[in-house]
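All I have is the shape, not the residue letters:
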């Protein structure tokens, strides 16, 4: 069975904006924001249970045992682990929701309590079950009371995942993807490195998925595919247009083994994992202004977005694959800009058509001065973009400048530490 994403449609079912999603062992769906967790019965799509700051009052200090809910996981024994961005002393909770009657089982803090607990996953080693919590030096805990901490990992992570059928933990941090073996972690207290891959395509990699054969590392414009056996990696670029502000923020696996990705501009694309190509592309228009982005496919019918307060519906009922995407040649690619940048730099320095800057602090970095000099010319070239998007384009250009083309702006930055704070480059020639 296949999908035709042009047939996707919004339902009348509303969901909170800025949501994240979690599928429970009993088939219910958790939809949560910073403020609350709602657990839905997926037959009726009615809320079975709501958990929020009212659920756990703390009479001793007068502050609820609740914070900004940013992540959760359901343990094998049915307990929920809730991770908070802000909470009472950054305290995280293990709770029991049996009979829809939430009770606190344990409060715990992660290793560095100046950081929130924004990542939690289950992890199984042999016959033992654990959960891993934290971003900076995440910790491994047993899932049974008293929930002993068994090890701390000396890594920083943006996202992590247990590789199916193994004792391996995959994680991404910046442009680095690593795999470590946790087989003897409780005994030796040290991780065993398996592989570390530094992606040669720079991006903001922030999500991990996996199929039977590959680990999928998703960025804002690049998807990396890593073979689980050989650790060879291939990549595909989603948008080859250099002067674009469209970023892909969420991805999910469909139930026929395809990928769906969604962008900040409401662009939805369907991807063939095997061929590493885009099959369909549509614009469904919702544009999210939220911290969390997520796509979530539920069985063979529902597709849930974090950008608009509607649940979208899609069916798997096409007998043949639908491919109607015709990729257009980009107006300008990264290579085009690299070739043209010498002339661009010469022109913007000579013209001195400067943007007024409100950033009057000492020590402004070079890219700020690049934006001051480049802003107006980019604005003329791309009038459809707002000021923030224009500044994003100037930042993108700066990242691709050759060293000799950054010198002028680096000198301005260096001198900015010595001149009076009242000095702002004039926009008068």
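On my side now, so go ahead. Values in this document were obtained by computation on a predicted structure and should not be read as measured data.

quick one: the helix or strand where residue 270 lies to chain centroid distance?
In the assignment (DSSP states H and E), residue 270 maps to strand 267-272. From the chain centre to the centre of strand 267-272 is a distance of 17 Å (CA atoms, centre = their mean, to the nearest Å).

I'd guessed residue 194 sits against residue 179; true?
Yes: counting by CB atoms under 8 Å, residue 179 is a contact partner of residue 194 at 4.3 Å. C-beta coordinates here come from the backbone N, C-alpha and C atoms, glycine included.

Which neighbours do these two have in common?
Shared contacts of residue 194 and residue 179, defined by CB atoms under 8 Å, 6 or more residues apart in numbering, are found at residue 168.

Name the residue in these two with the higher neighbour count.
Neighbour count, other CB atoms under 10 Å: between residue 194 and residue 179, residue 179 has more, with 21 against 15.

and that one, helix, strand or coil?
Three-state call for residue 179 (DSSP: H, G, I helix; E, B strand; the rest coil): strand.

Which positions are bridged to it in the beta structure?
Residue 179 forms beta bridges with residue 170, residue 195, as assigned by DSSP bridges.

ok, it - contacts?
By CB under 8 Å, 6+ apart, the contact set of residue 179 is 163, 168, 169, 170, 171, 193, 194, 195, 196, 231.

okay, now the fifth one: neighbour count?
Neighbour count for residue 171, taken as other CB under 10 Å: 23.

contacting residues for it?
Neighbours of residue 171 in contact, by CB under 8 Å, 6+ apart: 155, 157, 158, 159, 160, 161, 177, 178, 179, 180, 208.

neighbours around residue 341, how many?
Using other CB under 10 Å, residue 341 is surrounded by 17 other residues.

In this protein, where is pLDDT below threshold?
Residue ranges of the chain with pLDDT under 70: 59-62, 88, 111-115, 285-292, 306-309, 358-362, 417-429.

for this protein, what's the longest helix?
The longest helix of the chain (DSSP state H) is helix 334-351.

Buried residues, that helix. List them.
337, 341, 344, 345, 348 (16 or more other CB atoms under 10 Å).

I'd like to know which elements that helix is packed against.
helix 366-381, helix 387-399, helix 403-416 (3 or more CB pairs under 8 Å, 6 or more residues apart in numbering; DSSP states H and E).

Would you check how far apart residue 245 and residue 392 are?
6 Å (CB to CB, to the nearest Å).

Could you do residue 193 as well?
35 Å.

can you list the domains in this protein?
Annotated domains of the chain cover 2-318, 334-416 [automatic domain parsing].

Which residues are in contact with the nearest residue to residue 50 once chain neighbours are set aside?
Using CB to CB, 6 or more residues apart in numbering and skipping the chain neighbours, the partner closest in space to residue 50 is residue 38 (5.3 Å). Neighbour list for residue 38: 16, 30, 31, 32, 47, 49, 50 [criterion: CB under 8 Å, 6+ apart].

Just the buried ones from those residues?
Of the contacts of residue 38, these count as buried by 16+ other CB under 10 Å: 30, 31, 32, 49.

just to revisit the earlier point, now do the SS call for the residue nearest to residue 50.
strand.

That one and residue 65, how far apart?
Applying CB to CB, the value for residue 38 to residue 65 is 19 Å.

got it, and residue 312?
Taking CB to CB, one finds residue 312 at 35 Å from residue 65.

Number of residues surrounding residue 161?
20.

Now it: closest residue in space, sequence neighbours ignored.
residue 208 (4.4 Å).

got a list of what the one you found touches?
Residues in contact with residue 208 (CB under 8 Å, 6+ apart) are 159, 160, 161, 170, 171, 172, 215, 216, 217, 218.

Please report phi then psi for it.
The phi/psi pair for residue 208 (degrees, to the nearest 10) reads phi -120, psi 140.

Let me know the closest of the buried residues of helix 334-351 to residue 123.
residue 337 (43.1 Å; CB to CB).

For that closest one, which residues are in contact?
Each residue near residue 337 by CB under 8 Å, 6+ apart is listed here: 242, 397, 400.

what sits against the last one?
Contact partners of residue 400, counting by CB under 8 Å, 6+ apart, are 334, 337, 338, 341.

tell me the contacts of the residue nearest to the spatial centre of the chain?
Nearest residue to the geometric centre of the chain (CA atoms, centre = their mean): residue 206, 4.0 Å. By CB under 8 Å, 6+ apart, the residues touching residue 206 are 158, 159, 172, 218, 219, 220.

measure it to residue 294 for me?
Using CB to CB, we find residue 206 at a distance of 11 Å from residue 294.

rewinding a little: quick check, nearest of the contacts of residue 179 to residue 411?
In terms of CB to CB, no member of these lies closer to residue 411 than residue 196, at 36.3 Å.

Neighbours of the closest one, how many?
For residue 196, the number of neighbouring residues by other CB under 10 Å comes to 11.

which ones are touching the closest residue to it other than its chain neighbours?
Nearest residue to residue 196 in three dimensions, chain neighbours excluded: residue 178, at 4.7 Å (CB to CB, 6+ apart). Residue 178 sits next to 155, 170, 171, 172, 193, 194, 195, 196, 197 when contact means CB under 8 Å, 6+ apart.

I'm done for today, thanks for sticking with me.
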